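Colleague: Here you go, sequence then predicted model.
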Amino acid sequence: MLTIHPQFRLDNKAFSKPGSLLDDVKTNYPDDYDFLKALLYARSIDVQTSGSTGQPKTITHTVQALQKSAEATGKYFELKPGTKALHCLSSAFIAGKMMWVRALHLGWHLTRVLPEANPLQNISEHFDFAAMVPLQAQSSYEQLDQIKTLIIGGAPLSKVWEEKLAKLNTDIYLTYGMTETITHIAVRNLKKSNAVFETLPSVKISQDKRGCLTIDVPYISTQKFVTNDVVDLISNTSFKWLGRYDHVINTGGIKLYPELIEQQLQPYISCPFIISSIADETLGDKMVLVINSKAFDIDLNQLSKQAGLSAYHQPKQVIFMTDFPLTINGKIKRNDVKSNINKYSL
């Protein structure tokens, strides 16, 4: 169970006992009540994964591990008791749950708002720290100077938005992590042009034979977490992310990383899309651009030229789908898309 830090405040109110906090939350933030009750009275909590890389599953984390994760974030960003923090994420997932844990355990002054697209729209207050998904950061762009340090995760951020956000006075970081590692274990400062992720304190990393990232988080598990994320390993505390091993397209013996190509195409395609592949007798896999829309005219050569794609990185075909399969938190199910387009291309 978690003990409330004496300096913790919720909406400028102090709480010395769990019961009074839960009464307030039940009235004002009922969607957070069950999680907080478990956090304050149990030794572990169950967390649902998003399902973006497979079937959603339930993972159990000890409250002690959640506290250690909170301490690592606090130490990296130098967030002391009394830190003014904005919580605007859904507590249905680990990122939203951890905002509560950090505030309660580290003694932050927390302002809770509903997880809407623009959480700052009716707020003039300034904050030391906040966490958002890309849509929220983009929608709040004009007001982000109200936040000193902002972390962004949960979905990809386009290169255009990376460059735009990097120009703000706010210190903005992209996060790397997953439910299994209790949110982020590494962050990337958008103000640095090297695209390097740095790990939080106590976290060490390495690579397996596939070139995929393995993560050692001693406060969570004695065993390493083995990922399917292909990386350029710089040191045991820093790396560049290249893409997912299970998404790599091998076309004519050349390995292509869809996520990197998507980042280049993002500014020029207004509809949701992904880079995928279909079976090809000559190439093995033929790279295709799959767009979530009704069919419209598109010039692949011109598009690729605009995006600065080389001939090897240019999609060979466009496929339109009217309904992308999505996970429970809105991420595209890439494997399902690939299965569907290969089914109909035969």
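Modeller: Good, I have the coordinates.
Colleague: okay, now the domains of the chain?
Modeller: What automatic domain parsing lists as the domains of the chain is 9-242, 248-345.
Colleague: Low-confidence bits of the protein, can you list those?
Modeller: 50-55, 344-346 (pLDDT under 70).
Colleague: got the residue ranges for the helices in it?
Modeller: For the chain, the helices defined by DSSP state H occupy 18-28, 33-41, 63-77, 94-106, 134-139, 159-166, 258-265, 300-307, 334-345.
Colleague: Tell me which of those sits nearest to Glu281.
Modeller: Among those, helix 334-345 comes nearest to Glu281, with 12.1 Å by CB to CB. Yep, even glycine has a C-beta here, placed from its N, CA and C like the rest.
Colleague: show me what contacts the closest residue to Asn301 other than its chain neighbours?
Modeller: Nearest residue to Asn301, sequence neighbours excluded (CB to CB, 6 or more residues apart in numbering): Gln314, at 7.6 Å. The neighbours of Gln314, taking CB atoms under 8 Å, 6 or more residues apart in numbering as the test, are Met287, Leu300, Asn301, Ser304.
Colleague: Could you identify the most distant pair in the residues you listed?
Modeller: Within those, two members stand farthest from each other by CB to CB: Met287 and Asn301, at 14.4 Å.
Colleague: Of these two, which one has the most company?
Modeller: Comparing Met287 with Asn301 by neighbour count (other CB atoms under 10 Å), the higher total belongs to Met287, at 24 against 9.
Colleague: Put the alpha carbons of stretch 62-69 into CSV.
Modeller: Extracted in CSV, the C-alpha atoms of stretch 62-69 (Å, rounded to 0.1, in the frame of the first residue of the first chain):
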residue,chain,number,x,y,z
THR,A,62,3.7,-4.3,-6.8
VAL,A,63,3.0,-0.9,-5.3
GLN,A,64,6.7,-0.8,-4.2
ALA,A,65,7.7,-1.1,-7.9
LEU,A,66,5.4,1.8,-8.8
GLN,A,67,7.0,3.9,-6.1
LYS,A,68,10.5,3.1,-7.4
SER,A,69,9.4,4.1,-10.9
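Colleague: got the contact list for it?
Modeller: Contacts to stretch 62-69, defined as CB under 8 Å, 6+ apart, come from residues 1-2, 39, 42-45, 97-98, 101, 105, 182-183, 219-220.
Colleague: Now which of those would you call buried?
Modeller: Leu2, Leu39, Ile45, Lys97, Met98, Val101, His105, Ile182, Thr183, Tyr219, Ile220 (16 or more other CB atoms under 10 Å).
Colleague: now the residue nearest to Asn301: how far from Asn236?
Modeller: Distance from Gln314 to Asn236, counting by CB to CB, to the nearest Å: 36 Å.
Colleague: what comes up buried for stretch 327-346?
Modeller: Within stretch 327-346, judged by 16+ other CB under 10 Å, the buried ones are Thr327, Asn329, Lys331, Ile332, Lys333, Arg334, Val337, Lys338, Asn340, Ile341.
Colleague: still on that earlier bit, highest mean neighbour count out of the domains of the chain?
Modeller: domain 9-242 (a mean of 18; mean count of other CB atoms under 10 Å).
Colleague: what about it, how long is it end to end?
Modeller: End-to-end span of domain 9-242 (CA to CA, to the nearest Å): 40 Å.
Colleague: returning to that earlier point: which of the contacts of Gln314 lies closest to Trp241?
Modeller: Using CB to CB, the contacts of Gln314 come closest to Trp241 at Met287, 19.9 Å.
Colleague: Tell me which residues touch that closest one, please.
Modeller: Per CB under 8 Å, 6+ apart, neighbours of Met287: Ile249, Thr251, Leu256, Pro258, Ile261, Ile275, Ser276, Ser277, Gln314, Pro315, Lys316.
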